[in-house]
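Novice: What would the 3D arrangement of this be:
(one chain, ligands or ions: 3)
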Amino acid sequence: MVVPSSMTPEWREAVAAGVLFPGIPTVDMSAPAGRGELSREIVRACAERGFFKAVNHDVPPRAAARLDAATAAFFARAAPEKQLAGPPDPLGYGSRSIGTNGDVGELEYLILHTSPDAVAHKAMAIVDRKDPARFREVVNEYVEAMRQLACQVLGLLGEGLGLRDPASLSKLITATDSDSLIRINHYPTPSRCTAGDPKSGGGAGIGFGEHTDPQILSILRANDVDGLQVLLPDASAGEGVWVQVPPDPSAFFINVGDLLQALTNGRLVSIRHRVVVGASKPRLSTIYFAAPPLHARITPLPETVAAGAPRRYRPFTWAEYKKTMYTLRLSHSRLDLFHDVGDGDVAGEDDGDQE
Ligand SMILES: C=C1C[C@]23C[C@@]1(O)CC[C@H]2[C@@]12CC[C@H](O)[C@@](C)(C(=O)O1)[C@H]2[C@@H]3C(=O)O
Ligand SMILES: O=C(O)CCC(=O)C(=O)O
Ligand SMILES: [Fe+2]
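Specialist: Ligands and ions are numbered 1, 2, ... in the order given. Predicted coordinates for the structure are as follows:
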């Protein structure tokens, strides 16, 4: 387990003793205390942490098991066969390189657009030529389950934030031309040459470098291999601390993306996270990135801008944001480039035309 050096002594002691994983909220999606309490809990987790673990959700275990079997079979193929599905353009199969600006990690991956047409095309062309219908069916089933979970969370956030139309966030991702993605990451066990290399941190290496997710909401599920870490605020150290997220294959880890931070004027925070590898088993993770259509206009929702407070972000489209993001390194704080430096546009002067 990684115990970040900048942790307070109390935290360090508790984490080392295994009695506490500070700051990772767990949310029971079956709403034992009622829907109102559930929506408040989710808003609080997304505002204070930008991240929570969802348990007792409605996603059928079968959907996850079938996708894991199909993707594990894909990654088990010989390299030249997998490379037929790459290089990522930015979708498709990739190995080690992340994006096109020099980022690398100890992983291989598959990124797919979630529209049924795009899934069908990839299934037929590259992923499973022997049985494309099966791959298509398995991916579509999982994507549909993720879309429903994302809508449930965004609906609850809409209620908890007191939006005039509580469905306005979920509507952004349900449009037929939504730009949502699914990504499957496979982190092989570190090779013998790097495992003992002190420069690689005594066996631990960077699987996926630190970053925020650009979209609205990300839903991650992984096998029982650890590695995911989130950067949590540490009031006493004045800087963040990297906290290991204990694996739980039956749960979903949900994080706020940059667009949701902008839509809520910074009330909900897009959390930085990374994957550190070094475990003795390969890690397999699947992430659904819920995104709006390319033309969607992103601007702080009026209800999230406190009276008299400035809007922190200027209006932009998801297409514009994406274009900028692909020119930047993984770790870039890209949302900062969309700060409103303009004419003192304040709450109450609502231009209200959210798409
Ligand atoms: C370096 C990059 C990879 C990335 C596109 C980018 O230019 C910056 C954001 C990266 C990221 C992080 C979250 C997702 O894994 C991802 C698919 C996304 O939408 O933004 C990746 C991009 C990628 O790997 O193509
Ligand atoms: O693979 C993981 O567990 C997380 C990867 C990630 O954060 C991403 O792909 O954006
Ligand atoms: Fe991520």
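Novice: How far does stretch 218-236 sit from its chain's centre?
Specialist: Distance of stretch 218-236 from its chain centroid, counting by C-alpha atoms, centre = their mean, to the nearest Å, is 10 Å.
Novice: swap in stretch 277-297?
Specialist: Put simply, stretch 277-297 sits 5 Å off its chain's centre (C-alpha atoms, centre = their mean).
Novice: In that stretch, which residues are buried?
Specialist: 277-279, 283-293, 296 (16 or more other C-beta atoms under 10 Å). All C-beta atoms are positioned from the backbone trio N, CA, C, and that covers glycine.
Novice: Send me it as PDB with only the CA atoms.
Specialist: Output in PDB follows, covering the C-alpha atoms of stretch 277-297 (Å, rounded to 0.1, in the frame of the first residue of the first chain):
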ATOM      1  CA  VAL A 277       1.500  -0.600 -11.000                       C
ATOM      2  CA  GLY A 278       3.600  -3.200  -9.200                       C
ATOM      3  CA  ALA A 279       1.200  -5.800  -8.200                       C
ATOM      4  CA  SER A 280       1.900  -9.500  -8.900                       C
ATOM      5  CA  LYS A 281      -1.300  -9.800 -11.000                       C
ATOM      6  CA  PRO A 282      -2.400  -7.900 -14.100                       C
ATOM      7  CA  ARG A 283      -4.900  -5.200 -13.500                       C
ATOM      8  CA  LEU A 284      -7.900  -5.000 -15.900                       C
ATOM      9  CA  SER A 285     -10.100  -1.800 -15.600                       C
ATOM     10  CA  THR A 286     -13.000  -0.600 -17.600                       C
ATOM     11  CA  ILE A 287     -14.000   3.100 -17.600                       C
ATOM     12  CA  TYR A 288     -17.100   4.600 -19.100                       C
ATOM     13  CA  PHE A 289     -16.700   8.300 -19.800                       C
ATOM     14  CA  ALA A 290     -20.100  10.000 -20.000                       C
ATOM     15  CA  ALA A 291     -19.900  12.900 -22.400                       C
ATOM     16  CA  PRO A 292     -22.400  15.300 -24.200                       C
ATOM     17  CA  PRO A 293     -22.700  15.700 -27.900                       C
ATOM     18  CA  LEU A 294     -19.900  17.600 -29.600                       C
ATOM     19  CA  HIS A 295     -22.000  20.700 -30.100                       C
ATOM     20  CA  ALA A 296     -23.200  20.900 -26.500                       C
ATOM     21  CA  ARG A 297     -22.600  24.300 -24.900                       C
END
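Novice: what are the ranges of the helices in this structure?
Specialist: In the chain, the segments counted as helices under DSSP state H are 9-16, 35-48, 61-75, 79-83, 116-122, 132-160, 168-174, 192-195, 258-263, 318-325.
Novice: Burial-wise, tell me which of those helices comes out on top.
Specialist: Among the helices of the chain, ranked by average contacts under mean count of other C-beta atoms under 10 Å, first place goes to helix 258-263 (a mean of 26).
Novice: Which residues does that helix contact?
Specialist: With contact meaning C-beta atoms under 8 Å, 6 or more residues apart in numbering, helix 258-263 is reached by 46, 50, 157, 169, 212-217, 268-270, 291-292, 298-301, 304, 312-313, 316, 318, 321, 334-335, 338.
Novice: Among these, name the ones that also lie close to ligand 1.
Specialist: When contact is defined as C-beta under 6 Å from any ligand atom, those meet ligand 1 at 213-214.
Novice: Buried by neighbour count, from the contacts of helix 258-263: which ones?
Specialist: Judged by neighbour count, with 16+ other C-beta under 10 Å as the criterion, the buried members of those are 46, 50, 157, 169, 212-217, 268-270, 291-292, 298-301, 304, 312-313, 316, 318, 321, 334-335, 338.
Novice: Would you mind listing the residues in contact with residue 213?
Specialist: Counted by C-beta under 8 Å, 6+ apart, residue 213 has contacts 255, 257-258, 270, 287, 289.
Novice: Check the spacing between the residue of the stretch 251-355 of the chain found nearest ligand 2 and residue 33 real quick.
Specialist: Using C-beta to the nearest ligand atom, the closest approach of the stretch 251-355 of the chain to ligand 2 is made by residue 285 at 3.6 Å. According to C-beta to C-beta, to the nearest Å, residue 285 stands 30 Å off from residue 33.
Novice: what does residue 271 give?
Specialist: For residue 271, the distance to residue 33 - C-beta to C-beta - is 25 Å.
Novice: Of all the helices of the chain, which one is nearest residue 221?
Specialist: For those, the distance to residue 221 is smallest for helix 61-75, at 6.1 Å, taking C-beta to C-beta.
Novice: so where's the longest strand in this structure?
Specialist: In terms of residue count, the longest strand belonging to the chain (DSSP state E) is strand 103-113.
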